[in-house]
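In: Sequence first, predicted coordinates after that:
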Amino acid sequence: MKESLEAKRRRNVGRPRKGESGSTKTSEVRATFIVDQEVVRKLKYISLVENNLLKDVIGEALSPIIGSWEEENGKIRLPKNK
């Protein structure tokens with residue numbers, strides 16, 4: 001199992017080059033956060049084992065927090081972007 005995890009890790013290393021993403025405009029935005037090193041290592045491990053992108057694992061982890069907050073406090077209504 002360790003060998004297959006290492007092979008997966010080596011396959012898609014680094015971020016995509018310009019024009020390689022293949023996606024058009026999305027609702028995603030780059031963000032930087034300071035997080036405990038062990039939490040990041042565990043999230044990366046989960047993404048590797050589950051064969052998901054790290055951004056998707058983080059999104060799945062944050063969605064329940066937002067949903068729970070909205071249940072208690074009502075739906076978040078954000079102003080429209082300019």
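Out: Nice, I can see it. Numbers count the residues shown, from 1 in each chain.
In: Residue 15: neighbour count?
Out: Using other C-beta atoms under 10 Å, residue 15 has 8 other residues around it. In this view, the C-beta of every residue, glycine as well, is placed from N, C-alpha and C.
In: element containing it, please.
Out: Counting by DSSP states H and E, residue 15 is held by no secondary-structure element, helix or strand.
In: pLDDT weak spots in the protein?
Out: The model of the chain has pLDDT under 70 over residues 12-13, 16-25.
In: Now the phi/psi pair for the most centrally placed residue in the chain, please.
Out: In the chain, the residue lying closest to the centroid (C-alpha atoms, centre = their mean) is residue 55, at 1.4 Å. Summarising the backbone geometry of residue 55 under the convention degrees, to the nearest 10, its torsions are phi -60, psi -30.
In: Same question for the one 3 residues further on.
Out: Backbone torsions of residue 58, given as degrees, to the nearest 10, read phi -70, psi -40.
In: circling back to that earlier point, would you mind measuring from the residue nearest to the residue nearest to the centre of the chain when sequence neighbours are not counted to residue 35?
Out: Ranked by C-beta to C-beta, 6 or more residues apart in numbering and with sequence neighbours excluded, the top spatial neighbour of residue 55 is residue 28, at 7.5 Å. If you measure residue 28 against residue 35 using C-beta to C-beta, to the nearest Å, the figure is 18 Å.
In: show me what contacts residue 47?
Out: The neighbourhood of residue 47, defined by C-beta atoms under 8 Å, 6 or more residues apart in numbering, consists of 53-54, 56-57.
In: For it, pull up the helix or strand it's in.
Out: Under the criterion DSSP H and E, the helix or strand holding residue 47 is helix 37-50.
In: in that helix, what counts as buried?
Out: Of all the residues in helix 37-50, those buried under the rule 16 or more other C-beta atoms under 10 Å are residue 47.
In: Out of the contacts of residue 47, grab the one that's most surrounded.
Out: Most neighbours among the contacts of residue 47, by other C-beta under 10 Å: residue 57, with 18 neighbours.
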